[in-house]
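Got a predicted structure here, sequence first:
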Amino acid sequence: MTVASHLVELRKKHESLTEMVEQAQRSPAVDDLKIAELKKQKLRIKEEIARLTAH
């Protein structure tokens, strides 16, 4: 997998997590712990994207 294709996949995952967080925040059935975990996953992906694009 090239760096460019890896970045595309990471960005897709980040966007997907963004949608999941927004949906979870609108749902009263989802607890704050789940939302926090989704946000942590988003942050890890964002940091990986930043790391790969800095080189």
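On my side now, so go ahead. Numbers count the residues shown, from 1 in each chain.

show me what contacts residue 41?
With contacts taken as C-beta atoms under 8 Å, 6 or more residues apart in numbering, residue 41 has the following neighbours: residue 17. To be clear about C-beta, it is placed using only N, CA and C from the backbone, and glycine gets the same treatment.

Kindly state the pLDDT recorded for it?
According to the per-residue confidence, residue 41 scores 98 in pLDDT.

helix or strand for it, which one?
helix 32-53 (DSSP states H and E).

quick one: buried residues of that helix?
Of the residues in helix 32-53, those buried under the neighbour-count criterion (16 or more other C-beta atoms under 10 Å) are 35, 38, 39, 41, 42, 45, 49.

and that helix, how far from the chain's centre?
Using C-alpha atoms, centre = their mean, to the nearest Å, the distance from the centre of helix 32-53 to the centre of the chain it belongs to is 5 Å.

Burial check on residue 30, number of neighbours?
A total of 15 residues lie near residue 30 under the criterion other C-beta atoms under 10 Å.

so what's it scoring on pLDDT?
Residue-level pLDDT assigned to residue 30 equals 88.

got the contact list for it?
The contact partners of residue 30, taken as C-beta under 8 Å, 6+ apart, are residue 24.

mind checking the backbone torsions on it?
Reported as degrees, to the nearest 10, the phi and psi values for residue 30 are phi -90, psi 130.

I'd like to know how far it sits from residue 11.
Between residue 30 and residue 11 the distance is 24 Å, computed by C-beta to C-beta, to the nearest Å.

do the same with residue 5
If you measure residue 5 against residue 11 using C-beta to C-beta, the figure is 11 Å.

re earlier: a markdown table for the buried residues of helix 32-53, including distance to residue 22?
Written out in a markdown table, the entries for the buried residues of helix 32-53 read as follows (distance: C-beta to C-beta, whole Å):
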| residue | distance to residue 22 |
| --- | --- |
| 35 | 10 |
| 38 | 10 |
| 39 | 11 |
| 41 | 14 |
| 42 | 11 |
| 45 | 16 |
| 49 | 19 |
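
Show me which of those is closest to residue 17.
Distance to residue 17 across the buried residues of helix 32-53 (C-beta to C-beta) is lowest for residue 42, with 4.5 Å.
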